[in-house]
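Engineer: Using only what follows, build the 3D model:
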Amino acid sequence: MYKKILLPTDGSEYSAREILRATKLLADDGEIIILSVAVEIRKTAFHRSKDVERTNKKALKEAKQYVKEMKDAFDDSINVKTKVVTGLPSESIINVAEEENVDLIIIASSGKSGLHRFVIGSVAEEVLKNADMDVLLVHD
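Structural biologist: You can find the predicted model right below:
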């Protein structure tokens, strides 16, 4: 059983599948940390400041909603904490896992469709390759 589990979420149906696995693998006195990473875009010559700011605010708002929805899916008897950060997804997931001293990361192998699916799939792959702790890859 694991004492501290990190569950990254992108709000997709696949990340919700992580809940069952986390519940089964969590020690009785363990903690689950739900994490969402808001990808922050930077202003370039091709982006207007207002557009960049609006896009970043929307990404942060969505990330907060994702962790809230996932937390609400857990039984109240389970110790669940939420965290939202901005940055690059795989790097942020690994950094938070290290900062929080987690024993296990449970991550879905693919998330949203289209381009997002490609990005999220590569995020899971990067986490799997670079994390120093156990990683459970949940297939869709």
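Engineer: in terms of contact, does residue 107 touch residue 136 like I think?
Structural biologist: Yes. Using Cβ atoms under 8 Å, residue 107 is in contact with residue 136, at 7.4 Å. Yep, even glycine has a C-beta here, placed from its N, CA and C like the rest.
Engineer: quick one: which of the two has more around it?
Structural biologist: residue 107 (28 against 15; other Cβ atoms under 10 Å).
Engineer: quick check, that one in a helix?
Structural biologist: No. Counting by DSSP: H, G, I helix; E, B strand; the rest coil, residue 107 is not part of a helix but strand.
Engineer: Spatially, which residue comes closest to it, not counting chain neighbours?
Structural biologist: Closest residue to residue 107 apart from its sequence neighbours, by Cβ to Cβ, 6 or more residues apart in numbering: residue 124 at 4.9 Å.
Engineer: And for residue 83?
Structural biologist: Nearest residue to residue 83, sequence neighbours excluded (Cβ to Cβ, 6+ apart): residue 35, at 5.0 Å.
Engineer: burial count for that neighbour?
Structural biologist: Residue 35, neighbours per other Cβ under 10 Å, totals 26.
Engineer: Distance of residue 124 relative to residue 81?
Structural biologist: Distance of residue 124 to residue 81, computed by Cβ to Cβ, to the nearest Å: 22 Å.
Engineer: Going by how many neighbours each has, rank these two and give me the top one.
Structural biologist: Per other Cβ under 10 Å, whichever of residue 124 and residue 81 has more neighbours is residue 124, with 24 against 13.
Engineer: so after the strand or helix carrying the more buried one, what's the next helix or strand?
Structural biologist: Per DSSP states H and E: residue 124 is located in helix 115-130. Using DSSP H and E, the helix or strand that follows helix 115-130 in sequence is strand 134-138.
Engineer: distance between that next one and the chain's centre?
Structural biologist: 13 Å (Cα atoms, centre = their mean, to the nearest Å).
Engineer: Which strands and helices lie in contact with it?
Structural biologist: helix 18-25, strand 104-108, helix 115-130 (3 or more Cβ pairs under 8 Å, 6 or more residues apart in numbering; DSSP states H and E).
Engineer: mind redoing it with 10 Å?
Structural biologist: On a contact count with 3 or more Cβ pairs under 10 Å, 6 or more residues apart in numbering; DSSP states H and E, strand 134-138 meets strand 2-8, helix 13-16, helix 18-25, helix 89-99, strand 104-108, helix 115-130.
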